[in-house]
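Engineer: Below is the sequence, then the predicted model.
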Amino acid sequence: MDLERLEACAEREWDEFLRGCSGALFVHSIAYRNLLVAELGCEPEYLVAREGGEIRGVLPVMWSENAGGGSATPSPITAVTAARWPATRVRPGR
């Protein structure tokens, strides 16, 4: 299992993965990310867990600046995973 940052070319795949997950919400979508970036100036860092080239889980995180410095805010119900994905080893992507 590899963990990598979401690339622009995989945004459609991200949303397709969400459509197949019963626990996914609009707040996990690329459209919601774009709204937050446009309206609040947040910096997105969306992470994808892949196995065999297929997405098995996603973690949408937004970074923002405040008086105390930067902070990360995961979207509600932070990680979304496919029901068939076992929680096993994840190693950072290259």
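Structural biologist: Received it, and whenever you're ready, just let me know what you need. Numbers count the residues shown, from 1 in each chain.
Engineer: Run through the strands of this structure in chain order.
Structural biologist: 2-5, 43-51, 54-66, 69-74, 80-81, 91-92 (DSSP state E).
Engineer: Strand partners (parallel or antiparallel) of the longest one?
Structural biologist: If I follow you right, that is strand 54-66. Using DSSP bridges, strand 54-66 pairs in its sheet with strand 43-51 (antiparallel), strand 69-74 (antiparallel), strand 80-81 (antiparallel).
Engineer: Buried residues of that strand, list them for me.
Structural biologist: Residues of strand 54-66 classed as buried under the neighbour-count rule (16 or more other Cβ atoms under 10 Å) are 55, 56, 57, 58, 59, 60, 61, 62. Any C-beta I mention is one placed from the backbone N, CA and C, and that applies to glycine too.
Engineer: ok, the residue nearest to the fifth one when sequence neighbours are not counted - how many residues close by?
Structural biologist: Of all residues not flanking residue 59 in the chain, residue 47 sits nearest, at 4.3 Å (Cβ to Cβ, 6 or more residues apart in numbering). Per other Cβ atoms under 10 Å, the neighbour tally for residue 47 reads 18.
Engineer: what residue ranges in the chain score low on pLDDT?
Structural biologist: 66-94 (pLDDT under 70).
Engineer: again, only this time at 80
Structural biologist: Within the chain, the stretches with pLDDT under 80 are 64-94.
Engineer: How much space separates residue 64 from residue 29?
Structural biologist: Distance of residue 64 to residue 29, given as Cβ to Cβ, to the nearest Å: 19 Å.
Engineer: same thing with residue 62?
Structural biologist: Applying Cβ to Cβ, the value for residue 62 to residue 29 is 13 Å.
Engineer: And residue 9, by the same measure?
Structural biologist: Taken as Cβ to Cβ, the span from residue 9 to residue 29 is 17 Å.
Engineer: and those two? which has more neighbours close in?
Structural biologist: Shown here are residue 9 and residue 29; by other Cβ under 10 Å, residue 29 has more neighbours (18 against 7).
Engineer: Now that one. Its backbone dihedrals?
Structural biologist: Main-chain torsions, residue 29, degrees, to the nearest 10: phi -80, psi 160.
Engineer: give me every residue that touches it.
Structural biologist: 15, 18 (Cβ atoms under 8 Å, 6 or more residues apart in numbering).
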